[in-house]
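Quick one, fold the following:
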Amino acid sequence: MKDKDKILSQKIIKYCSQIQQTHDRFGDDEHEFYDDSCGFIYRNAISMPIQQIGELAKSYSDEFISEISDIPWKQIKGMRTYFAHEYDEMDIDVIWKTSHEEIDSLKEKLERILNDKK
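Numbers count the residues shown, from 1 in each chain. Model (predicted):
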């Protein structure tokens, strides 16, 4: 594994942890997430790390992306573009779902990869 890919993986793991910590901070309360008056705080705190993950994923080496094919790289990179250019149109259901169904899996896979490459 190239050093650059290792560093990118460590940074993405950090953002995954921030998403988990944000859910913990807000009590993983779906009603608060969707709340019209102040849910934007919760949503923004989740959205930025997801966007950063997508941005970082664009910098992996082609070899790493090819080798680790069980991670949906195209969707991760696409999510970044979606967040960066369509934020006023963001589907908050997608943010909630992604942060609950995809982030833990991504973190676990990257941690496993880093441990296996030691």
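
Now do stretch 100-113: distance to the chain's middle.
Centroid separation for stretch 100-113 versus its chain: 9 Å, with Cα atoms, centre = their mean, to the nearest Å.

Point me to the residue sitting farthest from the middle of the chain.
Taking Cα atoms, centre = their mean, the residue of the chain most remote from its mean C-alpha position is Ser37, at 25.0 Å.

end to end, how far does stretch 82-93 reach?
Distance between the two ends of stretch 82-93: 14 Å, counting by Cα to Cα, to the nearest Å.

quick revisit: which SS class is the residue farthest from the centre of the chain?
Using DSSP: H, G, I helix; E, B strand; the rest coil, the structure places Ser37 in coil.

per-residue pLDDT, Lys118?
pLDDT recorded at Lys118 is 63.

Let me fix that, I meant to ask about Asp88.
pLDDT, Asp88: 64.

Hmm, Pro49 is touching His23, no?
No: using Cβ atoms under 8 Å, Pro49 is not in contact with His23, being 11.1 Å away. The C-beta positions use only the backbone N, C-alpha and C, and glycine is treated the same way.

Can you tell me which helices and strands the helix ranked longest in the chain packs against?
Scanning the chain for the helix with the most residues, using DSSP state H, yields helix 3-25. Applying 3 or more Cβ pairs under 8 Å, 6 or more residues apart in numbering; DSSP states H and E, one finds that helix 3-25 contacts helix 39-57, helix 92-101, helix 103-116.
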